[in-house]
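Student: Based on what follows, work out the 3D shape:
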Amino acid sequence: MRTRTLSLAAATVAALLLSLAGGPAPAEAPADEARGATPPKGFTALFNGHDLNGWHGWAIHEKAAGPYDLARLSPEERANKIEQWTTDAKKHWTVDKGELVNDGHGAYLTTDKKFGDIELLIDYKTVPKADSGIYLKATPQVQIWDYTKEGGKWNIGADKGSGGLWNNSPGAPGKDPLVLADKPFGQWNSFRIIQVGARTTIWLNGKLVVDNAILENYWDRKAPLLRKGPILLQTHGGEIRWRNVFIREVPPEKANAWLDKHNDKSFESVFDGKSFDGWAGPVENYVVKDGTIMCRPGKGGTIYTKQQFSDFVARVEYKLPPGGNNGLAIRYPGTGDTAYQGMCEVQVLDDYAPQYKKLDPRQYNGSVYGMVPAHRGYLRPAGQWNFEEVTVKGPTIKVELNGNVIIDADVSKITKFMANSPHPGKDRKAGHFGFAGHSDPVQFRNIRIKPLDGGRTSSSSR
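Tutor: Next up, the predicted model:
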């Protein structure tokens, strides 16, 4: 049977993430002995140990029963569907001595509440030849296998063990677990799952099995994961028992810290938090405030790093005031409007402001301005910090906002532009990184850049 060892680097990352989470994972329960129904500090119980209160049924595996299908129904149609599925679920789900038991059949058990960024603790015990999983944000799935050869599913990955994001694309990070961590049948297994945006990290029985991988949107591979959704416990042909189902929602500040958890030393700070050393452009229109760069109200213009970059990854946190407007200057030449003369401007905009209700889709937050629209709905409300990672490689640009990939485009292939205005700079191969202010006090902090494959070029002070 194939197993994999956990690298020292992965172990270090796991330790770092545990420290960011405020300490080690809760101690594992002795075999066949529950940790108790009392949630750890900061967590709440999703299963009360007595009944199915807080849960309903969802036959999500049926044709035309996915989350987008359900959303298209009228409220009355949706309520009728859920009532039917819940009636079916109650035939197959029972509570036995404080444990949630499924006989292997029926509708999946689904939380009434929808969740965004979470930390989930859950124990399970299953039987030979069973196959199950946990849906996050209504999306399959954290896989649970019969990992033995006798289970008959080594040909589809069961030999690697449980805990992987099995419905990810072949070869995608997270599809296969990093290490075989299952316990023998008859013993309880414990998951610890952290999900921020689509970024998912999983421990099984204290071993890291998925490290910060994106859970793909099974329902629409071209779209990011749903922003919020329920948790589902799958039924799949064999008895499975669940207990100690505890959850805590992750606040934005801690979510940002988890997204930055790798502490990759190849990222270099381009802002010292105190001055505009290393920056050029109309810096007098900006101010350093509380360790951030902020555009002065009523001022603007593009400020930029004196250093130029070709291929790179930039990480930055930004906070918008209500109605705020700014942008990330990508491969900016040092003069002109970066949206047109640079490779592009990645829009930074309070999408929720009423004055922006009728913009061109290529103007909303995260969009490659005037060229490529971003997937919307992943921006946090004005006044909260957002974490954004932008990867620029050749003619391609990928924007990941709060753990969700909202743009992945090749601008060399763009031939249609907003208002038919050409973008002569879109094929630039190098330039400065900066901020394109538009009179609003938008703030930026933790501004770091990692050159890719020698992607640093000469400095410029113009």
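
Student: what's around the residue lying closest to residue 451 once chain neighbours are set aside, how many residues?
Tutor: Excluding its sequence neighbours, the residue lying closest to residue 451 (C-beta to C-beta, 6 or more residues apart in numbering) is residue 312, at 5.1 Å. To be clear about C-beta, it is placed using only N, CA and C from the backbone, and glycine gets the same treatment. A count of neighbours around residue 312, defined by other C-beta atoms under 10 Å, yields 23.

Student: Just checking the distance from the longest helix along the chain to the centre of its chain.
Tutor: Determined from DSSP state H, the single longest helix within the chain is helix 75-92. In terms of C-alpha atoms, centre = their mean, to the nearest Å, the gap separating the centre of helix 75-92 from the centre of its chain is 30 Å.

Student: Ok, stretch 389-399 next?
Tutor: On C-alpha atoms, centre = their mean, the centre of stretch 389-399 falls 17 Å from the chain's centre.

Student: State the distance spanning the first to the last residue of that stretch.
Tutor: Start-to-end span of stretch 389-399 (C-alpha to C-alpha, to the nearest Å) is 6 Å.

Student: List the contacts of that stretch.
Tutor: Residues outside stretch 389-399 that contact it (C-beta atoms under 8 Å, 6 or more residues apart in numbering): 259, 309, 311-316, 328, 330-331, 343-344, 346, 366, 368, 374, 388, 400, 405-413, 426-427, 452.

Student: And residue 370, how far from residue 359?
Tutor: Look at residue 370 and residue 359: by C-beta to C-beta, to the nearest Å, they are 11 Å apart.

Student: oh sorry, the question was meant for residue 297
Tutor: Residue 297 is 22 Å from residue 359, where distance means C-beta to C-beta.

Student: likewise residue 169?
Tutor: Between residue 169 and residue 359 the computed distance is 33 Å (C-beta to C-beta).

Student: If you count surrounding residues, which of the two has more?
Tutor: For residue 169 versus residue 359, neighbours defined as other C-beta under 10 Å are more numerous around residue 359 (15 against 10).

Student: pLDDT value on that one, please?
Tutor: Confidence at residue 359, expressed as pLDDT, is 97.

Student: sec struct for it, please.
Tutor: When the structure is split into helix, strand and coil by DSSP: H, G, I helix; E, B strand; the rest coil, residue 359 lands in coil.

Student: is it true that residue 150 touches residue 128?
Tutor: Yes: applying C-beta atoms under 8 Å as the test, residue 150 and residue 128 come out as touching, 6.7 Å apart.

Student: higher neighbour count, the two?
Tutor: Between residue 150 and residue 128, residue 128 has the larger neighbour count (other C-beta under 10 Å), namely 12 against 8.

Student: dump the residue contacts of that one.
Tutor: The contact partners of residue 128, by C-beta under 8 Å, 6+ apart, come to 146, 148, 150, 151, 185, 238.

Student: backbone phi and psi for the fifth one, please?
Tutor: Main-chain dihedrals, residue 185, degrees, to the nearest 10: phi -60, psi 150.

Student: Grab the nearest non-local neighbour of it.
Tutor: What sits nearest to residue 185 in space, not counting adjacent residues and going by C-beta to C-beta, 6+ apart, is residue 128, at 5.8 Å.

Student: One more: the last one?
Tutor: Distance criterion C-beta to C-beta, 6+ apart; nearest residue to residue 238, sequence neighbours excluded, is residue 130 at 2.7 Å.

Student: what's the answer for the second one, then?
Tutor: In space, residue 148 comes closest to residue 128 once its chain neighbours are excluded; the distance is 7.1 Å by C-beta to C-beta, 6+ apart.

Student: Look up how far residue 184 lies from the one you found.
Tutor: Computed as C-beta to C-beta, the residue 128 to residue 184 distance reads 10 Å.

Student: Also residue 348?
Tutor: Shown here: residue 348 relative to residue 184, a distance of 52 Å by C-beta to C-beta.
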